[in-house]
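[1] I would like the atomic coordinates for the input below:
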Amino acid sequence: MPHWQTSRYLIDLARPQVMGIVNITPDSFSDGGPYASTSAALAHCEALIKEGADILDLGAESTRPGAQPLPQAQELDRLLPVLRAAVTLGVPISVDTYKPGVMQAALDVGADIINDIWALRWVSAEDGLSGRDVVVAHPGCGVCLMHMHGNPQTMQLSPMEGDVVAPVREFLLSAAQALVQQGVRPARICIDPGIGFGKTVAQNFSLLAQQAALLEPGFPLLAGWSRKSSLGVVTGAAPGDRLVSSAVAAVLAVQNGARIVRVHDVQATVQALGVLSAMQAQTNNEQRKMGR
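    The predicted model follows:
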């Protein structure tokens, strides 16, 4: 079973890892506002760890459909006070950003993982620096490469067409291979198919049903289904009422090979994965007995 190498931690992926979402924003799609202050965000970090979060993912800019870009200085003003305290909490800290300048500042403070919806493609107009430049220059940070069709302003206005599994797989493989060719160890890389980022409801569920195809290149997969609009379409539930469907989606993603699930509702997800783990352990025991 693979490990995920990050700045300070070698994360064992033998057990699925629960990444708790900390939105330091006033405008995220499902929980923007309650954790926008430094004190509230830190209290939420501590609460998620108590609920069983293995990793925390801090984001200071909303990338929901239709979201407008945030100036880098404002993103850093939101992020850094929380990050400086979060890196002392004893768990790996991921920073959800696409801006190279924010990535560098976060790594300088001690962040363990860069989680980028642009898969390190975004280039700063000020200095021409890309996220790839920042990650390649770092000796050991983890990185999550996500697939996104279009950008947050347009992705759901003009989603992908046709089958998405093959193009998403090829994009992620190409992005990962480009990093490896520049000297980044494969153990530092995980991939994310980008549920909801420029895909239709049917396409999102196709990525879940055929998730095994995304695993073939050998990189661990992060699944981000939590409270997504596709769950609302099939259940009729508002974002804040999607706890059950989000937990089910996390279990299905893990059953289909995901090693990290990025979630808002940590406690429910940990409990759901505990049931899955118990069933899998019993299945393995019975198979071993039959093989004697």
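
[2] next SSE after the biggest strand by length in the chain?
    Ranked by residue count under DSSP state E, the longest strand found in the chain is strand 17-23. Moving toward the C-terminus from strand 17-23, the next helix or strand (DSSP states H and E) is helix 38-51.

[3] which strands and helices sit next to that following helix?
    Judged by 3 or more CB pairs under 8 Å, 6 or more residues apart in numbering; DSSP states H and E, helix 38-51 is in contact with strand 17-23, strand 55-59, helix 72-86, helix 266-291. No exception for glycine: its C-beta is placed from N, CA and C like everyone else's.

[4] taking helix 38-51 as reference, get the angle to the longest one.
    On the basis of axes from the mean of the first three to the mean of the last three CA atoms, to 10 degrees, helix 266-291 is oriented at 20 degrees to helix 38-51.

[5] what of the first one?
    In terms of direction (the same axes, to 10 degrees), strand 17-23 departs from helix 38-51 by 160 degrees.

[6] in its sheet, what does strand 17-23 sit against?
    When sheet partners are counted by DSSP bridges, strand 17-23 sits next to strand 55-59 (parallel), strand 260-263 (parallel).

[7] now the longest one: average pLDDT?
    This points to strand 55-59. Averaging pLDDT along strand 55-59 yields 98.

[8] give the buried residues for it.
    55, 56, 57, 58, 59 (16 or more other CB atoms under 10 Å).

[9] and which of these is nearest residue 108?
    When the buried residues of strand 55-59 are compared for distance to residue 108 (CB to CB), residue 58 wins out at 14.7 Å.

[10] ok, the nearest residue to the closest one once chain neighbours are set aside - contacts?
    Leaving aside its sequence neighbours, residue 58 sits nearest to residue 22 (CB to CB, 6 or more residues apart in numbering; 4.9 Å). Neighbouring residues of residue 22 by CB atoms under 8 Å, 6 or more residues apart in numbering: 35, 41, 44, 45, 48, 56, 57, 58, 59, 82, 86.

[11] could you rerun that using 10 Å?
    31, 35, 40-42, 44-45, 47-48, 53, 56-60, 82-83, 86, 93-94, 96, 264 (CB atoms under 10 Å, 6 or more residues apart in numbering).

[12] returning to what we had before: gap between the longest strand of the chain and the chain center?
    8 Å (CA atoms, centre = their mean, to the nearest Å).

[13] got the angle between it and helix 72-86?
    130 degrees.

[14] how about the nearest residue to residue 95, chain neighbours excluded?
    Closest to residue 95 by CB to CB, 6+ apart is residue 106, at 4.2 Å.

[15] can you give me the offset of the one helix or strand in the chain whose mean pLDDT sits lowest from its chain's centre?
    Ranking every helix and strand in the chain by mean pLDDT, DSSP states H and E puts helix 266-291 at the bottom, with a mean of 92. Chain-centre distance of helix 266-291: 24 Å, with CA atoms, centre = their mean.

[16] can you give me the helices for the stretch 101-250 of the chain?
    Applying DSSP state H, counting those that start in this stretch to the stretch 101-250 of the chain gives helices spanning 131-137, 165-181, 201-209, 211-215, 229-235, 243-255.

[17] the residue nearest to residue 95 reaches residue 131, doesn't it?
    No. Residue 106 is not in contact with residue 131 according to CB atoms under 10 Å; the separation is 11.3 Å.

[18] quickly list what's touching both of these two.
    Common contacts of residue 106 and residue 131 (CB under 10 Å, 6+ apart): 97, 99, 114.
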